[in-house]
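*Asks:* The sequence and its predicted three-dimensional model are supplied below.
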Amino acid sequence: MDKVAADPAVKAGSEQLLSGAAADVMLSVFAADAASYAVKLPKLPQQGERNIMVTSALPYVNNVPHLGNIIGCVLSADCYARYCRSRGYNMIFICGTDEYGTATETKALEEGLSCAEICDKYHAVHRAVYEWFGCSFDKFGRTPTRAQTEICQSLFHDLHQAGNISEQTMEQLYSEAAGKFLADRFVYGTCPKCGYEDARGDQCDKCGGLMNPTELINPRCKLTGTVPVIRSTRHLFLDLPKLSDRLQEYIDRTSQLGGWSANCVQVTSAWMRDGLKQRCITRDLKWGIPVPLEGYRDKVFYVWFDAPVGYISITANYTDQWKEWWLNPDTVELVQFMGKDNVPFHTVIFPASLIGSGRPWTMMKNISVTEYLNYEGGKFSKSRGTGVFGTDAVETGIPVEVWRYYLLANRPEAQDTDFKWSDLQARNNNELLKNLGNFVNRALVFVVKFFDGKVPTPTDKGSEAVAELGQSVAAKVQEYIAAMEKMKLRDGIRIAMAVSAEGNKFITETEPFKVVKTDKDHAATLVAAGIGIVRLLAALVAPYMPTLTTKILDQLQLPPSAAMLTDDLAAAAANLQTLVPAGHAIGTPAPLITEIKDDVIEALRARFGGSQAADAAAAASSSAAGGKKAGKPAAAGGKAAGGKAA
């Protein structure tokens, strides 16, 4: 090779190739290839940067996710993750399907499939739904992997060696008809806390209370319908009382630093106040992670012991250097999204497991918890055809940006919210169409109509009105950033729409369409400021409606980087007329949003109404009779985010 390189002809040819214009072309190609390669590499924490790991609660694979599941964890986390990227933070977004446990075995029996087959089926459904909703995971994985088994068993070994695992004999329900001990969800009966007659063996869907199957009143076997008997069996327990003091210290410190939501603090405080009890972490099942301890090898870990480990194992399947994210508490911020009925597992049980292992795990700092999303005053029910599920949303013909906007603007952050078709229609027609879409279209049309499609050069004329507008908008941008940093997603989109409203008001008051007839220089300043707001709006709505931002940028003829909400862009918001360079040629303006007509809404309401009227009547009757039959609305989250449907 050295001889070839030294050949005079080869040497001369190389020098000619690497000089002048040819060299510039080659170097640009190399640079583009290097950049493309770098993008595909897994991201790792970087010194001197803000490193954020965002997780969405892992949706369970025994169902199709409904709107409550989608907004409760996955979509909310995606919105925040997109915001973090737009700010230039070094971050990864991790999610996947939670696949072990009783619920999988139950669903497999219902559909006549193996557990692996049922997981493959619903994992594909979940993945397709989230892809359609535009969720931008760095890794969307699943829990039945070698990494999950290794990390979960390693965590158990650490806890066991540290003396934080105890062995106990416990009373458990046994089905003589089925010839097996019954796991939590193979048992149902009356809740001892609220009297709900269809409570599961691990948690009541009405009051949310956790329990052991033996505490149920009038328990029945879900497999056979027979009454189970109580027998003794040995299990392993996580010694939560022993870890209580260290856990409380973590909760006190982190809830203040991370600004945990009020509903999260309330649930966690109740658990700690009532006193922690030893928690059983093993089950008599086959579908799960085997317990690596002699005498217990015929058992598997309880799904709520292994499920949160999925965050770690999915990261391990994203990069073999996963420990740089998960064993790096001084450098990495862990931000988690979930429904409220998952709070104790993420603020008590999982942190206690990590603390008890003795390793320097990256612990959750910030947490965003949603309440419940109802459907037209009732609850979602796939079996009764009530409510919109992920696969349904795809088929409605309503664009994804409208769904994302409605769900995020109506996100149940502090109290339960209700999905209503009339509300979705009103928000689309009044907020997206008449406010945002109208402003963007007007601002762009002015450039095409009055300035030959090129952004005009601003002048001193009109600068006073533009400066006043810039001060107001710049203040709103800072409010937006403050809200998003605190994961107040509803406030974020409200502020973004307020910026759009400011733009509409500015056009109405300054009337550039009239001013241009008498003073084109004055109109130039007004129109340039309007285009600046359009670019700014593209950045502000990007976490919520990325497809809409793409459409706006196409019409502006600006690259995706123009929608990055950098510090420079935020600071420049005070000088709106400078945000898009003078002389820049824009594209062809076109409507961004389509009106949703009354007949479309009525048809959709009828299509997804199911037996909602019957459900409402039954709920009212139950309430009059003392409330024993009333069910809880669907939680806004996944299984690891607590989603439930009738």
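*Replies:* Received the coordinates, thanks. Numbers count the residues shown, from 1 in each chain.

*Asks:* In the stretch 51-200 of the chain, mark out all the strands, start to finish.
*Replies:* Assigned by DSSP state E, counting those that start in this stretch, the strands in the stretch 51-200 of the chain fall at 51-56, 90-97, 139-142, 165-175, 180-181, 187-190, 199-200.

*Asks:* Out of those strands, which gets nearest to G72?
*Replies:* For these, the distance to G72 is smallest for strand 51-56, at 9.1 Å, taking C-beta to C-beta. Bear in mind the C-beta positions are built from the backbone N, C-alpha and C, glycine included.

*Asks:* List the neighbouring strands of that closest one plus their orientation.
*Replies:* Partners of strand 51-56 in the sheet, by DSSP bridges, are strand 90-97 (parallel), strand 332-339 (parallel).

*Asks:* ok, residues contacting it?
*Replies:* The contact list for strand 51-56, computed with C-beta atoms under 8 Å, 6 or more residues apart in numbering, reads 45, 73-74, 76-78, 80-81, 84, 89-95, 311, 315, 325, 328, 331-338, 362, 638, 641.

*Asks:* Just give me how far that strand sits from the chain centre.
*Replies:* 10 Å (C-alpha atoms, centre = their mean, to the nearest Å).

*Asks:* Same check on stretch 451-471?
*Replies:* On C-alpha atoms, centre = their mean, the centre of stretch 451-471 falls 39 Å from the chain's centre.

*Asks:* Reformat the strands of the stretch 51-200 of the chain as CSV; add distance to I552.
*Replies:* Shown next, in CSV, are the strands of the stretch 51-200 of the chain (distance: least, C-beta to C-beta, whole Å):
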stretch, distance to I552
strand 51-56, 25
strand 90-97, 23
strand 139-142, 27
strand 165-175, 55
strand 180-181, 58
strand 187-190, 51
strand 199-200, 47
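
*Asks:* Relative to A582, which of those is closest?
*Replies:* Among the strands of the stretch 51-200 of the chain, strand 90-97 comes nearest to A582, with 34.2 Å by C-beta to C-beta.

*Asks:* if we can go back for a sec, closest one to L592 among the strands of the stretch 51-200 of the chain?
*Replies:* Closest of the strands of the stretch 51-200 of the chain to L592 is strand 90-97, at 26.3 Å (criterion: C-beta to C-beta).

*Asks:* Let's test this: mean pLDDT of the closest one, rounded?
*Replies:* In this model, strand 90-97 carries a mean pLDDT of 98.

*Asks:* again, but for stretch 362-371
*Replies:* On average, stretch 362-371 scores 96.

*Asks:* and what of stretch 603-617?
*Replies:* Regarding stretch 603-617, the rounded mean pLDDT is 70.

*Asks:* where in the stretch 501-646 of the chain is pLDDT low?
*Replies:* Residues of the stretch 501-646 of the chain that meet the criterion pLDDT under 70 lie in 610-646.

*Asks:* Over to the chain?
*Replies:* For the chain, applying pLDDT under 70 flags the ranges 1-6, 9-39, 382-383, 610-646.

*Asks:* If we use 80, what do you get?
*Replies:* Within the chain, the ranges that satisfy pLDDT under 80 run 1-40, 183, 185, 208, 381-385, 610-646.

*Asks:* thinking again about what came up before, among the strands paired with strand 51-56, which is nearest E468?
*Replies:* E468 lies closest to strand 90-97 among the strands paired with strand 51-56, at 36.0 Å (C-beta to C-beta).
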